[in-house]
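Undergrad: Sequence and predicted model, in that order:
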Amino acid sequence: MSSTARAPRYRGIFPVVPTTFTESGELDLDSQKRCLDFMIDAGVDGLCILANFSEQFSLSDDEREILTRTCLEHVAGRVPVIVTTTHYGTSVCAARSKRAQDMGAAMVMVMPPYHGATFRVPEAQIFEFYARVSDAIGIPIMVQDAPASGTVLSAPFLARMAQEIENLAYFKIEVPGAANKLRELIRLGGDAIEGPWDGEEAITLLADLDAGATGAMTGGGFPDGIRPIIEAHRSGDMDQAFALYQRWLPLINHENRQGGILTAKALMKEGGVIACEAGRHPFPAMHPEVRRGLIDIAKRLDPLVLNWAR
């Protein structure tokens, strides 16, 4: 197993917090606060807000500000919070990141600049983009390396950015072949790779931990199931890590391949944590049979989300 030489400031499970809406599509801040409390009670090491699984793409700038402030004030330092500040524009992303830091964010997560199916920028501009964001803040930056951006970020390029950009130290790798990319990134970047992390709802978690991942950014519905896998692996108990992963894999797979973005909210609504599980229009509702399958799997595993509010 590979490992980094630099002790990470942040490690473990940092799930994505879903954004909660009313039936008519407004922000539901009461449900949002209960969602945060549940996730902290479920044993997270930290949280991530405004990510793609938070439906950040459907939020106005004013709503982003409201959510950032509400979440950070309500968490009140109980766990560190990563704020996603992705934007195509360098100055906008830098300003978002500075505001997040000023409100108490522990880290910002940023995808490379892209727009739509075809707008991409070359490596030189991507490097300068992250460098300018780094210059604007004093907290770590996590690069989100995800298929959604359509931007190829090679391991050598990521390693060079880590070595040359002051605050760029964490990497959420959720592209095909994630374990191999993590392994190569750690080899090339050395101490500059403070946080090689797993993503994509933990569907590749065990392989990524074997490759040296020290953190995981998963869905928010059942962190109490995933955290013990990470802890067993960290302690060197590979048989226990395998057994736990095998147990929770049906639910992980259902989220990754069937329920998607709405999975955490469906589980939270089923357990009474939040009032409404709908995404924001035009995001389609989860098919009733997909939801039925989700709840059936979850009930067999009995995660905290189904009982927390009772």
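TA: Here it is on my side, so go on.

Undergrad: can you give me the strands in the protein?
TA: In the chain, the strands defined using DSSP state E lie at 12-13, 47-49, 81-84, 107-110, 114-115, 119-120, 141-145, 168-173, 195-198, 215-216.

Undergrad: Would you convert these into TSV that also reports mean pLDDT and mean neighbour count?
TA: For every residue, glycine as well, the C-beta is placed using N, CA and C. TSV is the format used below for the strands of the chain (pLDDT from 0 to 100; neighbours: other CB atoms under 10 Å):
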stretch	mean pLDDT	mean neighbour count
strand 12-13	98	24
strand 47-49	98	27
strand 81-84	98	27
strand 107-110	98	27
strand 114-115	92	15
strand 119-120	90	13
strand 141-145	98	24
strand 168-173	98	26
strand 195-198	98	27
strand 215-216	98	26
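
Undergrad: Now render those as TSV, adding distance to Glu277.
TA: What follows is the strands of the chain, written out as TSV (distance: least, CB to CB, whole Å):
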stretch	distance to Glu277
strand 12-13	22
strand 47-49	18
strand 81-84	21
strand 107-110	24
strand 114-115	29
strand 119-120	33
strand 141-145	25
strand 168-173	25
strand 195-198	26
strand 215-216	24
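
Undergrad: out of these, nearest to Ile226?
TA: Set against Ile226 and scored by CB to CB, those come closest in strand 12-13, at 5.7 Å.

Undergrad: Can you name the residues that contact Pro80?
TA: The contact partners of Pro80, taken as CB atoms under 8 Å, 6 or more residues apart in numbering, are Tyr10, Phe14, Asp45, Gly46, Leu47, Ala106, Met107.

Undergrad: quick one: low-confidence ranges for the chain?
TA: 1-6 (pLDDT under 70).

Undergrad: run the last query once more with 50
TA: 1-5 (pLDDT under 50).

Undergrad: Which single helix of it contains the most residues?
TA: Counting residues, the longest helix found in the chain (DSSP state H) is helix 238-254.

Undergrad: Next, the buried residues of that one.
TA: Ala241, Leu244, Tyr245, Trp248, Leu249, Leu251, Ile252, His254 (16 or more other CB atoms under 10 Å).

Undergrad: now swap in stretch 291-309 and tell me
TA: Quick answer for stretch 291-309 (16+ other CB under 10 Å): Arg291, Leu294, Ile295, Ile297, Ala298, Pro303, Leu304, Val305, Leu306, Trp308.

Undergrad: Same list, the residues you listed, but as JSON lines with distance to Ile274 please.
TA: What follows is these, written out as JSON lines (distance: CB to CB, whole Å):
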{"residue": "Arg291", "distance to Ile274": "15"}
{"residue": "Leu294", "distance to Ile274": "15"}
{"residue": "Ile295", "distance to Ile274": "15"}
{"residue": "Ile297", "distance to Ile274": "20"}
{"residue": "Ala298", "distance to Ile274": "15"}
{"residue": "Pro303", "distance to Ile274": "15"}
{"residue": "Leu304", "distance to Ile274": "14"}
{"residue": "Val305", "distance to Ile274": "10"}
{"residue": "Leu306", "distance to Ile274": "13"}
{"residue": "Trp308", "distance to Ile274": "11"}
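
Undergrad: Give me the phi and psi angles of the residue nearest to the spatial centre of the chain.
TA: Taking CA atoms, centre = their mean as the criterion, Met217 is the residue nearest the geometric centre of the chain, at 3.8 Å. Phi and psi for Met217, reported as degrees, to the nearest 10, are phi -110, psi 100.

Undergrad: residues in contact with it?
TA: Applying CB under 8 Å, 6+ apart to Met217 gives the contacts Phe14, Pro15, Val16, Cys48, Ala51, Ile82, Lys172, Trp197, Asp198, Gly199.

Undergrad: same thing but 7 Å
TA: Listed by CB atoms under 7 Å, 6 or more residues apart in numbering, the contact partners of Met217 are Phe14, Pro15, Val16, Cys48, Lys172, Trp197, Gly199.
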